[in-house]
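Q: Got a sequence here, can you model it:
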Amino acid sequence: MTRVVITLMAAALLAVRCGAAPPSPPKPPAQATPTSGCATPRQLQPGRHTLESGGLRRQFLLALPRGRGPHPVVLNLHGLGSNATEQAAYSRLPELGTRRGYVVATPQAADGRIGWTLPHTAGPDDTAFLTALLDHLERGLCLDTHREFAAGLSYGAGMAAALVCAMHGRLAGVAAVAGLNITRPCADPAPTTIVAFHGTADRIVPYGGGHPFRDATGDLRKLADLVVLPAVPGIADGWARVLGCTGPATTRPTQQVRVRGWKSCAGGITLRLYTITGGGHTWPGPIEVPRLGTTVRDLDATDLILDAFDHTVP
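A: All right, here's what the predicted structure looks like:
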């Protein structure tokens, strides 16, 4: 287990150093484009599904809204050592997202792996898997191809952010909870909404950067010390530069939360960082996980993520 964790964290370090991707093509015009699944008489049903990708049988959970669509879709990515079932429950995206008309797919990392393979690193090609998953959903459901999103926690947040570049503009927006700084911005991303949340007391993926797993001991501590992550605010500023966002401003909706946003971004997108003073490695909202630190209760990341996605201009 220790070796797997460090392999994945080393992959994160590599991606932080080498996260550039080829320039992304411009997005299609701002109009809803129904997928071929809109004409499929027997559409996919909610529940647990399998999908073959790269010679592996992969699993995902599927939650569906009412009506035939076309619907927006969210990929909901779990963190290191977690799984699809836990992520679905903790994020509450399947519950709240479907109420707002979103299809929510919560995929599982490959068997024998406890996290995602970041782009340009060794392991199962999870970028190809997640791309194939979107293709599969488009064929089996009535989706809007201009409103495809990804959200994730921790290592899943890093993967979601990496998909901005790795999927070459396919995603209209991503949300990163406690993991924006696991990957760096690429050089020339397509306009993509990014909303991030991070606690200043996060001891697993530190807000101020540096070595992860601050409370690790033994061999894990020695190996984790080989990984150095950048600070979260610097990564947000980096995304602002490459996305053409100007007019940074900070507000404080609550005593514990400050929000850094940009008044204008290319393509009408949103870029926003929620900093939770004293917050741990947690998903802001009603569900607490004490071993991961303090959870702010008067901020619901799930609602705010969906708000940002709702207002994204394709």
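
Q: dump the residue contacts of Ala266.
A: Counting by Cβ atoms under 8 Å, 6 or more residues apart in numbering, Ala266 touches Pro191, Leu243, Gly244, Cys245. (C-beta placed from N, C-alpha, C; glycine too.)

Q: quick check, nearest of those to Thr106?
A: Distance to Thr106 across the contacts of Ala266 (Cβ to Cβ) is lowest for Pro191, with 26.0 Å.

Q: What about that closest one, how many residues nearby?
A: Pro191 has 22 neighbours, counted by other Cβ atoms under 10 Å.

Q: On the three-state scheme, it is what?
A: coil (DSSP: H, G, I helix; E, B strand; the rest coil).

Q: That one against Ser264, yeah?
A: No. Counting by Cβ atoms under 8 Å, Pro191 does not reach Ser264; the two are 11.9 Å apart.

Q: Can you show me the CA trace of stretch 78-94 as PDB?
A: Output in PDB follows, covering the C-alpha atoms of stretch 78-94 (Å, rounded to 0.1, in the frame of the first residue of the first chain):
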ATOM      1  CA  HIS A  78     -12.900  10.000  -5.800                       C
ATOM      2  CA  GLY A  79      -9.700  10.700  -3.800                       C
ATOM      3  CA  LEU A  80      -6.700   8.600  -3.100                       C
ATOM      4  CA  GLY A  81      -7.600   5.400  -1.200                       C
ATOM      5  CA  SER A  82     -11.300   6.100  -1.600                       C
ATOM      6  CA  ASN A  83     -13.800   4.600  -4.000                       C
ATOM      7  CA  ALA A  84     -16.900   5.500  -6.100                       C
ATOM      8  CA  THR A  85     -19.400   4.600  -3.400                       C
ATOM      9  CA  GLU A  86     -17.700   6.800  -0.800                       C
ATOM     10  CA  GLN A  87     -17.300   9.700  -3.200                       C
ATOM     11  CA  ALA A  88     -21.000   9.500  -4.300                       C
ATOM     12  CA  ALA A  89     -22.100   9.700  -0.600                       C
ATOM     13  CA  TYR A  90     -19.500  12.300   0.500                       C
ATOM     14  CA  SER A  91     -19.900  14.700  -2.400                       C
ATOM     15  CA  ARG A  92     -23.700  14.400  -2.600                       C
ATOM     16  CA  LEU A  93     -23.400  15.200  -6.300                       C
ATOM     17  CA  PRO A  94     -25.600  12.200  -7.400                       C
END
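
Q: And that stretch, what's buried?
A: Within stretch 78-94, the residues scored as buried using 16 or more other Cβ atoms under 10 Å are His78, Gly79, Leu80, Ser82, Ala84, Gln87, Ala88, Tyr90, Ser91, Arg92, Leu93, Pro94.

Q: can you give me how far it is from the chain middle?
A: Centroid separation between stretch 78-94 and its chain, computed with Cα atoms, centre = their mean, to the nearest Å, is 12 Å.

Q: Show me where this protein has its strands.
A: 47-53, 56-63, 71-77, 103-107, 143-153, 173-177, 193-199, 246-254, 257-264, 271-276 (DSSP state E).

Q: Looking at these, which one is packed in the most?
A: Of all the strands of the chain, strand 173-177 has the most neighbours on average by mean count of other Cβ atoms under 10 Å, namely a mean of 30.

Q: which helices and strands sit right next to it?
A: If you count contacts as 3 or more Cβ pairs under 8 Å, 6 or more residues apart in numbering; DSSP states H and E, strand 173-177 packs onto strand 143-153, helix 155-166, strand 193-199, helix 301-310.

Q: Adding mean pLDDT, write the ones you listed out as JSON lines.
A: Listed next are the helices and strands packed on strand 173-177 as JSON lines, based on pLDDT from 0 to 100:
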{"stretch": "strand 143-153", "mean pLDDT": "97"}
{"stretch": "helix 155-166", "mean pLDDT": "97"}
{"stretch": "strand 193-199", "mean pLDDT": "98"}
{"stretch": "helix 301-310", "mean pLDDT": "98"}
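
Q: Show me the one of those that comes nearest Leu226.
A: helix 155-166 (16.8 Å).

Q: Which strands or helices does the closest one pack on?
A: By 3+ Cβ pairs under 8 Å, 6+ apart, helix 155-166 packs against helix 2-17, strand 71-77, helix 126-140, strand 143-153, strand 173-177, strand 193-199.
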